[in-house]
Each structure stands twice: as C-alpha cells, then as structure tokens.
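Q: can you look at this prediction? I've put the sequence above it.
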Amino acid sequence: QVQLVESGGGLVQAGESLRLSCSASGSIQSINNMAWYRQVPGKERELVALITTEGSTYYDTSVKGRFTISRDNAKIAVSMQMNSLKPDDTAVYYCNAEVWTRNSGNYRPFWGQGTQVTVSS
C-alpha cells in the first residue's frame, strides 16, 4: 500500500557525519508530517526530528544544532543530515510519514524498515 525505504546508515567515528534518506511510494494522496525516530534495545522508540508540510521543524534537545531534517515534497522524500555524531546517537533510525491514502479517509502513520547507525568512540 505505502512503502517507506530508508538508506544512509552505517558505522562512523565520533565527530563524523551521516545523511539518512527516506523515499515514499505507493497509494499516496498526500503526506502530512514526516519524521525520524530512533530506538535502542530495551528502550521505547523516540522522536528525533519532525518536519511539517510547510517546512516547520522540531528537534529533540539531544540533537538540536547537530541534525538537520529536510523534505522534498515533489519526490515524497525526507532526509536528515547528522553532524558531530556521538556514541549516544547509536540506534536504529526509522523514517515515519503521516499518509493519506486513496482509501483511508484520514492520515495514517507509516514506518520504514529501519537503518542502523553506529557511532564508535
């Protein structure tokens, strides 16, 4: 129905950068907010950054000033530039989008499969 495909994770050293990308496809009428979440084993998935259709952004305090979220509405894609990475940023990162599909009647959340980001000290 709707697929979110992520790319860009990997293993880096502290202080280095990574860029995550996510593209959406399927029966999409429109997309509302798009976001990145992350999760480490034994903890709940947490919101890292969010961007609205108009481009307004929200960042968790732990990444503010280091991460930048952006979206391309024409390509139905969202990216996140992650700079000055720290070992505490190690997690599986998930793309999220609120999607209005042809048969839904409202916006529903969809998730990507997750991409591992590992930051070594």
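A: Yes, it's here. Small disclaimer: the values here were computed from a predicted structure and weren't measured.
Q: under the pLDDT cut-off, which ranges of the chain? List them.
A: Counting by pLDDT under 70, the chain contains no low-confidence residues.
Q: in three-state terms, label the nearest residue to residue 16 once chain neighbours are set aside for me.
A: In space, residue 16 comes closest to residue 85 once its chain neighbours are excluded; the distance is 5.7 Å by C-beta to C-beta, 6 or more residues apart in numbering. (C-beta placed from N, C-alpha, C; glycine too.) State at residue 85, reduced to three classes by DSSP: H, G, I helix; E, B strand; the rest coil: coil.
Q: how about the residue in the chain sticking out farthest from the centre, phi and psi?
A: Computed with C-alpha atoms, centre = their mean, the residue of the chain farthest from its C-alpha average is residue 103, at 24.8 Å. Main-chain torsions, residue 103, degrees, to the nearest 10: phi -120, psi 10.
Q: the helix or strand containing residue 34: which residues count as buried?
A: Using DSSP states H and E, the element containing residue 34 is strand 28-39. Neighbour counts over strand 28-39 (16 or more other C-beta atoms under 10 Å) mark 28, 31, 33, 34, 35, 36, 37, 38 as buried.
Q: residue contacts, the second one?
A: Read it as residue 31. By C-beta atoms under 8 Å, 6 or more residues apart in numbering, the residues touching residue 31 are 24, 53, 73, 76, 97, 98, 99, 100.
Q: same thing with the third one?
A: Shown in contact with residue 33 (C-beta under 8 Å, 6+ apart): 50, 51, 52, 53, 97, 98.
Q: distance of the closest residue to residue 88 other than its chain neighbours relative to residue 48?
A: Nearest-residue entry for residue 88: residue 62, 7.3 Å, with adjacent residues in sequence omitted and distances by C-beta to C-beta, 6+ apart. Distance from residue 62 to residue 48, counting by C-beta to C-beta, to the nearest Å: 8 Å.
Q: the two - which one has more neighbours?
A: Each of residue 62 and residue 48 has its neighbours counted (other C-beta atoms under 10 Å); residue 48 has more, 24 against 13.
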